[in-house]
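[1] okay, sequence plus prediction incoming.
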Amino acid sequence: METPKIDESKLPVVMKLIDDAARLMEETGCCFDEDAVEARKELDTYQKQLTEITGKDNLDIKSFMEYWSYTDLETAATKALLPSPVKTGLSDEQISEMIRQFFDGEFEEESAMDYLLEVLEVETGLEDFSDYIFYPDSVGLNPDAGPDEIIAKVLSDRK
């Protein structure tokens, strides 16, 4: 599966929005401090701008708080710009092929891997889909489970 392309011209704007919002949240604690009224208003402005530029109503600016602890800014912005996956009714074979990509190391960018995880989560209805790949023991498999075991488990558990 090929990751959809993003509008590269929007990337710098989204990067700045995410970085500015993350720094505001870190410096003011506005997500936790009820007295940070002005900072929360500013964060609301960032939220509106992010929604407008990405077209995603469900993308919460607060999810980028401390993004630097788990990814880089460009990857975070790229993820924000990628379209939300929509269930298309993939076949068992297509789902199996997509899962195998995690074991074949076919990802050039982190955002491509994250997008594929989102697609598989939507297609299977498994909210904890990444656990099947990265923490198979948390879904009842051996911690060293291989692709065939994981595929079988995903296909039997999907909703």
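    Noted; the coordinates are in hand.
[2] so which residue is dead centre in the protein?
    D114 (5.3 Å; CA atoms, centre = their mean).
[3] contacts only, for that one.
    With contacts taken as CB atoms under 8 Å, 6 or more residues apart in numbering, D114 has the following neighbours: 75, 79. (Each C-beta comes from the backbone N, C-alpha and C, glycine too.)
[4] and the helix-or-strand element of the chain with minimal mean pLDDT, what's buried?
    When the helices and strands of the chain are scored by mean pLDDT, DSSP states H and E, helix 110-124 comes last with a mean of 91. With burial defined by 16 or more other CB atoms under 10 Å, the residues of helix 110-124 counted as buried are 110-124.
[5] do stretch 152-159 as well
    Along stretch 152-159, these residues count as buried under the neighbour rule (16+ other CB under 10 Å): 153-154.
[6] where exactly do the helices run in this structure?
    With DSSP state H applied, the chain shows helices at 11-28, 37-54, 73-81, 92-104, 110-124, 129-134, 147-157, listed in chain order.
[7] how far does the least confident helix or strand of the chain sit from its chain's centre?
    7 Å (CA atoms, centre = their mean, to the nearest Å).
[8] for the remainder of this discussion, apply numbering that starts at 326.
    In the new count, where the first residue is 326, that last one comes out as helix 435-449.
[9] quick one, that helix and helix 417-429 angle?
    150 degrees (axes from the mean of the first three to the mean of the last three CA atoms, to 10 degrees).
[10] only alpha carbons, please: show helix 435-449 as CSV.
    Presented in CSV, the C-alpha positions along helix 435-449 are these (Å, rounded to 0.1, in the frame of the first residue of the first chain):
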residue,chain,number,x,y,z
GLU,A,435,7.8,6.9,10.1
SER,A,436,4.7,8.6,8.8
ALA,A,437,4.1,5.8,6.3
MET,A,438,4.2,3.1,9.0
ASP,A,439,1.9,5.2,11.2
TYR,A,440,-0.5,5.7,8.4
LEU,A,441,-0.6,1.9,7.6
LEU,A,442,-1.3,1.3,11.3
GLU,A,443,-4.3,3.7,11.1
VAL,A,444,-5.6,2.0,7.9
LEU,A,445,-5.4,-1.4,9.5
GLU,A,446,-7.0,-0.2,12.7
VAL,A,447,-10.0,1.2,10.6
GLU,A,448,-10.2,-1.9,8.4
THR,A,449,-10.1,-4.4,11.3
